[in-house]
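> Any chance you could fold what I've pasted below:
(2 chains)
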Amino acid sequence: MIFMDNASGSFPKAPGVARAMADFIQHGASNIARGGYPAAYGAAERVFDLRSRLAVFFGCSDPRRVIFTSGITASLNFLIGGLIRPGDRVVTTEMEHNSVARPLTALAKRGAGLLRAVCGTDGITDLESLDALLTPDTRALVMTHASNVCGSIQPLEEAARLCAGRGIFLIVDSAQTAGYLPINIEAIGIDGLAFSGHKGLLGPQGTGGMVLSEKLAAALRPVFHGGTGSFSDSTETPEILPDRFEPGTLNLPGLMGLAAAMDYEGRPRAGEKEYLQQALSDIDGVRVLGPRDAATKVGLFALDFLKRDNGEAALILEETFGILTRCGLHCSPWAHKALGSFPRGAVRLSPGPAVTRQELEQVVTAVEEVSK
Amino acid sequence: MKYVATFHSHYGAMAFKKAIEQRGFSVTLMPVPRHLSSSCGTCARFEVPEGFSMPDTPELDMIYREDDR
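Coordinates of the predicted model:
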């Protein structure tokens, strides 16, 4: 089996993830910020260390502004729902996943003004379009760092400059880049970074979070309310961080796994995406969606089979060649429309750090066979 | 000198514990005696020399000298 669906969720996980989770469950799965005994304090210390580590990893100078959630979709809903109100103007891009598109569409139905910057056939957002839409009365720009369909890396630094000059909050979906591309929120000027723990960071499902700028932390309203183990004499949600945005019990087994994943230094080897981009583009019977230049994308590849239904192609890749892919619209109807692949979708290949060059060559050979 | 520190948050308690430990002294986290505070529920008990400069960590509420109680 060759696992080529890491854009959905990484596999295998980083070494030590499963053990860390099992150890926590089997040897003292105490809740934190509640129990007053050593096992609870020990777990709290590991979460504290993970929060500090993620703050450094994402370039945030105060670990209290790293907020854990159940995953990146929850983070994006929190950031969007906690910041934008009916009547606000919000800008986004055509490359968004439904974890951005759906909360924004729901807000638009309640009276928010929603505008989308266009992108080229390479799946990269057009800066002139973005510039024109980002009027000073815009509340926020919500954009992905890289497309989950074609991998196109978006002009984040330029977008951040446009937002900073106009007082617009910048919210970024890093589902396909965290762990693969360096992200420093303070150097770039990101106000709210939503991240997944189970993709490029190689941790378990059910983990993720958001990293906030000081400005956004002050402006964001809590979406959930509940017990925090602090200020227990009050029924008001506390102002302090991270408590303000972390009511209820955290996914502690998951966070123990994510902590183990952060120890792992193995990442995709240089040259892999260049090899796949070139080899797949050279196959006559498929169209590789999005960028032609591997330098402008992350390592995921959407293939449109020209002589065969894409669903059938994915099935043959799995049944005949043992290659696991993701076929369809990838929860991204806007992106597929922009890339000209709606409604038939595409077969997406997304290798992880554990895949070998020999396996990638097998994948290319298999795609060649299926494309005939 | 023996002290008990109270905090506004569990994050603050952990940050303080680590700061004291980094200076070579041990810290015991424990439930806060109710007569001291009702804030985060966790306090830090520790012993340091007289004149010790307390770390400036976030969410610190109060530091009590146990000998004074």
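> Could you pull up the contacting residues of residue A:20?
A:256, A:257, A:259, A:260 (C-beta atoms under 8 Å, 6 or more residues apart in numbering or on different chains). Using the backbone N, CA and C atoms, a C-beta is placed for each residue, glycine as well.
> That one: which element?
helix A:17-26 (DSSP states H and E).
> Can you name the residues of the stretch 1-150 of chain A that neighbour chain B?
Residues of the stretch 1-150 of chain A lying near chain B by C-beta under 8 Å from any C-beta of the partner chain: A:32, A:33, A:34, A:36, A:41, A:44, A:45, A:48, A:51, A:63, A:64.
> And the pLDDT for the residue nearest to the last one when sequence neighbours are not counted?
Right, the one you point to is residue A:64. Leaving out its chain neighbours, the residue that sits closest to residue A:64 by C-beta to C-beta, 6 or more residues apart in numbering or on different chains is residue A:241, at 4.0 Å. pLDDT recorded at residue A:241 is 97.
> which residues does residue A:241 contact?
Going by C-beta under 8 Å, 6+ apart, residue A:241 touches A:62, A:64, A:65, A:67, A:212, A:217, B:11.
> helix or strand right after the helix holding residue A:20?
helix A:38-57.
> Quick one: mean pLDDT over that next one.
Helix A:38-57 comes out at a mean pLDDT of 95.
> Distance from it to the middle of the chain?
Its chain's C-alpha centre and that of helix A:38-57 lie 22 Å apart, by C-alpha atoms, centre = their mean, to the nearest Å.
> where along chain B do the helices fall?
Using DSSP state H, the helices of chain B run over residues B:10-22.
> who wins for neighbours among the contacts of residue A:20?
Within the contacts of residue A:20, residue A:257 tops the neighbour count with 29 neighbours, counted by other C-beta atoms under 10 Å in any protein chain shown.
> Next one: that residue from chain B, what distance?
Computed as C-beta to the nearest C-beta, to the nearest Å, the residue A:257 to chain B distance reads 20 Å.
> you'd agree that residue is up against residue A:10?
No. Residue A:257 is beyond contact range of residue A:10, at 11.7 Å (criterion: C-beta atoms under 8 Å).
> So which of the contacts of residue A:20 belong to helices?
A:256, A:257, A:259, A:260.
> quick one: pLDDT of the second one?
I take that to be residue A:257. Residue A:257 is given a pLDDT of 98.
> Would you enumerate the residues in contact with it?
Contacts for residue A:257 were tallied using C-beta under 8 Å, 6+ apart; they are A:13, A:17, A:18, A:20, A:21, A:203, A:204, A:207.
> how about the residues you listed, which pair is most distant?
Using C-beta to C-beta, the two most remote members of the contacts of residue A:257 are A:18 and A:207, lying 13.6 Å apart.
> Quick one: residues contacting residue 34.
All of this refers to chain A. A:40, A:229, B:41.
> Go again with 10 Å.
By C-beta atoms under 10 Å, 6 or more residues apart in numbering or on different chains, the contact list for residue A:34 reads A:40, A:44, A:227, A:228, A:229, A:232, A:249, B:10, B:41, B:42.
> neighbour-wise, which of the residues you listed leads?
residue B:42 (30 neighbours).
> I'd guessed it sits against residue B:27; true?
No. Here residue B:42 does not reach residue B:27: they are 11.1 Å apart, not a contact under C-beta atoms under 10 Å.
> what residues are shared contacts of the two?
Common contact partners of residue B:42 and residue B:27 (C-beta under 10 Å, 6+ apart): A:41, B:5, B:13, B:14, B:16, B:17.
> what's the burial count for the nearest residue to the last one once chain neighbours are set aside?
Nearest residue to residue B:17, sequence neighbours excluded (C-beta to C-beta, 6+ apart): residue B:27, at 4.4 Å. Other residues lying near residue B:27 total 21 when counted by other C-beta under 10 Å.
> Quickly list what residue B:27 is bridged to.
Beta bridges link residue B:27 to residue B:46, judged by DSSP bridges.
> That one is in contact with residue B:57, isn't it?
No. Contact criterion C-beta under 10 Å: residue B:27 and residue B:57 do not qualify, at 11.7 Å.
> Which residues are in contact with each of these two?
B:5, B:13, B:14, B:16, B:17, B:18, B:19, B:20.
> Could you count how many residues lie near the closest residue to residue B:65 other than its chain neighbours?
Counting by C-beta to C-beta, 6+ apart, residue B:65 lies nearest to residue B:3, which is 5.8 Å off, once chain neighbours are set aside. Residue neighbour count, defined by other C-beta under 10 Å, stands at 20 for residue B:3.
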